[in-house]
Every structure is written in C-alpha cells, then in structure tokens.
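1. Coordinates for the following, if possible.
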Amino acid sequence: MAARIERVVTSGQFTLDGGTWDVENNVWLVGDDHEVIVIDAAHDAEAVARAVGDRRLTAIVCTHAHNDHIDAAPELADRTGAVIWLHPDDLPLWQLTHPDREPDRHLTDGQVIEAAGADLTVLHTPGHAPGAVCLYDPGLGTVFTGDTLFQGGPGATGRSYSHFPTIIGSIRDRLLTLPPETKVLTGHGDATTIGAEASHLEEWIARGH
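-> The predicted structure is shown next:
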C-alpha cells in the first residue's frame, strides 16, 4: 500500500522574544493503514493521536523548534512511544519550550526517514531558525517545508535566531532546485508548488524582510 498524506490543523499560540500570537498550524501525517510519522506535533497531542488512531507512530519529526511546532511533541511521544527528531542547531530554541526534555534523535542533512513506503530526505534549510529542515519525498512529489517556504514567500526572519539572507540562500539552493511540479506542504496555510514560488525569488530578494 502506497504512503498517503493527511493533514490535521491545530490552534494555539506562538511565543518568542516576549510576544505571543494566535496561530493555526498544519500537522502532517505520512504513512499507510499500519504505520505513520508525524511532521510537527503542534498544540494538541489528543487531536494528533486521534488522527494516528491505532497505527504505529514511528517518529515525530520537527521541522524546527519554535514552540508552536513542538509544544505537543513530548506528550505525543509519551503516549505512543514515538521517537522525536530535531536538528541539533535548534536545541537552544527547543530548550525554551522543553527545558527538561531533550529530543530523542538528531536530524542530519541528507538523512532519509522511512515510514510505510515513504522516504523523506532531510534538507537542512536554516534561516527561519538555525536548525530548520525540509523533508522531501520524490515518490510523493512533495516537500514539507515547515516555516521555511510558504505560498507567496519565505518564512519570517524578524525575530531571534533567524536571518533573511540565510533563508533566501536555503530556498534558492535547496528547494528551488527541486522539480517545479513538486507540491509544497507548509507549516501554516495553503499548499503551493516549487514552480509557483520560484518565479518570485528575485522579488523576495528585492523586498528584503
């Protein structure tokens, strides 16, 4: 059975640098009827656990460690026995939310995470956060971009741990080199494609952040 992609939208708050904002997050499930991985366990462990159902949850992969993408990860891991993966460059951000709980494993660039026939290649794409990653599966024709790339432009870089030239470089060198028809599934909001966003690169650079 081929892997499929499911989305759960959860609501909560993003907090950084003394500010707090209400947000809705996309939680992505990749798997089949028996096994699944979760990308970004945001806000509501119960809602994500319901979507997983009686399937085996093998991994919780964090695209980065802003609180709104990881706040439900430890509870979901404790409930299911899943392993939490995070790029080590985002440990300082992780510790702002979970000072007493470390991730279980460290993501590395080029690593492949397998689940139910899906092969998700880790692309280190810093800029929105130092340890931000995207997950690309050519078989599914899909890249999960977290908050690195959205419909209409790059993720925000106006707060601590972020850097606009770095995110532009990550998008240009790691994402826009993917096939233009690749579907882009984001951490918030609607999907897009690599081709649709590639046409805006120079505009983003001119506009700055």
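
2. For this structure, give me the ranges with low pLDDT.
-> Within the chain, the ranges that satisfy pLDDT under 70 run 1, 208-209.

3. So which residues of it form helices?
-> Using DSSP state H, the helices of the chain run over 45-52, 67-70, 73-80, 91-97, 164-170, 194-198, 201-207.

4. Go through those and pick out the most buried.
-> helix 67-70 (a mean of 26; mean count of other Cβ atoms under 10 Å). Yep, even glycine has a C-beta here, placed from its N, CA and C like the rest.

5. Any figure for the gap between Thr177 and Tyr136?
-> Computed as Cβ to Cβ, to the nearest Å, the Thr177 to Tyr136 distance reads 10 Å.

6. neighbour count winner among those two?
-> Tyr136 (21 against 11; other Cβ atoms under 10 Å).

7. surely the more buried one meets Val143?
-> Yes: with contact defined as Cβ atoms under 8 Å, Tyr136 counts as touching Val143 (4.4 Å).

8. Could you please give me the overlap between the contact lists of these two?
-> 123, 178, 182 (Cβ atoms under 8 Å, 6 or more residues apart in numbering).

9. how much space between the second one and Asp17?
-> Going back to what we said before, that points to Leu178. For Leu178 relative to Asp17 (Cβ to Cβ), the value is 32 Å.
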